[in-house]
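Novice: What follows is a predicted protein model with its sequence.
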Amino acid sequence: MAGRDNWNDHWEHFAVAASRNPAQQMRHAIIAGLLRRSPGGRGLRMLDIGSGQGDLLAKLRDLLPQAKLLGFELSASGVEISRQKTPGADFVVADLLKPPEELKAYTGWATDAVCSEVLEHVDSPVDFLCAARLYLTVDARLIVTVPGGPMSAFDRHIGHRQHFTRDSIAAVLQASGFSVERIYLSGFPFFNLYRGLVIARGGKLATDVATDGKGFSARMANAVMAMFRGLFRFNLIDSPLGWQVVAVARLRRMP
């Protein structure tokens, strides 16, 4: 079973469930909606910081066919899955805090970047985003999603260090050299309800959603995810009660 910070094992066990997860699909839809508000995709160079198994860039490839797409991902297994899933995008196995030589070619590369469900996994989100700045153009836009609300046993199992509020993610972004444009608290009411079920299920969820999960509990987990995929269409994009934190920021020009 995949454990805290073992990302190669993580994607081997949870890749299928992650793609089916209505919470991930909700986040990707929010990100896609924010990107649609920008004029066209011509000249856009999109960096997915912590690209996982490539699901987001697969969606953006269809949404922004003229954009160049790049993913940085710590997990070699995640990069292998991504390359199969998203031909035409580039993926690099990379620890931003110990960057490989290959990353030098991408210095100042990205006009836009996404960092989705990553910062909760790192010991210092500020250090992580400061390292990511090197690969962004001046005035690049950054979209960040992080979890809010209570932490579940499954969250701890996969290595969450912290969850965020509107104020705490704003403080991280500002300390990392970004100007915050907007922060949304998304997902009320059905994402909150879904998260409540995740919390109630506790540590058993890791077995329920693993690729090799079998039996009644695994079938129930798939059925619950399918039901919530429909309900999530009615979530609010912003509400004081939302448990999905979404931030839009710009890389500040240095004096």
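Specialist: Good, I have the coordinates. From a predicted model like this one, the values you see are computed outputs, not experimental measurements.
Novice: Next, work out how far apart the closest residue to Gly52 other than its chain neighbours and Asn21 are.
Specialist: With Cβ to Cβ, 6 or more residues apart in numbering as the measure, Gly78 is the residue that lies nearest to Gly52, at 5.3 Å, once sequence neighbours are left out. For glycine as for every other residue, the C-beta is placed from the backbone atoms N, C-alpha and C. With distances taken as Cβ to Cβ, to the nearest Å, Gly78 is found 15 Å from Asn21.
Novice: Tell me the helix or strand right after the one helix or strand in the chain whose mean pLDDT sits lowest.
Specialist: Lowest by mean pLDDT, DSSP states H and E among the helices and strands of the chain is helix 7-20, with a mean of 68. Using DSSP states H and E, the helix or strand that directly follows helix 7-20 along the chain is helix 22-36.
Novice: Can you list the buried residues in that next one?
Specialist: Residues of helix 22-36 classed as buried by neighbour count (16 or more other Cβ atoms under 10 Å): Pro22, Ala23, Gln24, Gln25, Met26, Arg27, His28, Ala29, Ile30, Ile31, Leu34, Leu35.
Novice: So which residues of the stretch 101-250 of the chain form helices?
Specialist: When secondary structure is read from DSSP state H, counting those that start in this stretch, the stretch 101-250 of the chain shows helices at 125-133, 153-157, 166-175, 190-201, 205-209, 216-231.
Novice: any chance of the ones you listed in a markdown table, plus distance to Arg253 and mean neighbour count?
Specialist: Output for the helices of the stretch 101-250 of the chain, formatted as a markdown table (distance: least, Cβ to Cβ, whole Å; neighbours: other Cβ atoms under 10 Å):
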| stretch | distance to Arg253 | mean neighbour count |
| --- | --- | --- |
| helix 125-133 | 12 | 20 |
| helix 153-157 | 36 | 17 |
| helix 166-175 | 14 | 17 |
| helix 190-201 | 35 | 18 |
| helix 205-209 | 43 | 20 |
| helix 216-231 | 41 | 14 |
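Novice: And these, which one averages the lowest pLDDT?
Specialist: Out of the helices of the stretch 101-250 of the chain, helix 205-209 stands lowest, with a mean of 73 (criterion: mean pLDDT).
Novice: For that one, which helices and strands make contact with it?
Specialist: With contacts defined as 3 or more Cβ pairs under 8 Å, 6 or more residues apart in numbering; DSSP states H and E, helix 205-209 has these neighbours: helix 153-157, helix 216-231.
Novice: Need the ones you listed in CSV (columns: distance to Lys204).
Specialist: Conversion of these to CSV gives the following (distance: least, Cβ to Cβ, whole Å):
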stretch, distance to Lys204
helix 153-157, 8
helix 216-231, 7
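Novice: Between these, which one is closest to Ser186.
Specialist: Using Cβ to Cβ as the measure, helix 216-231 is the one of those that comes nearest Ser186, at 14.0 Å.
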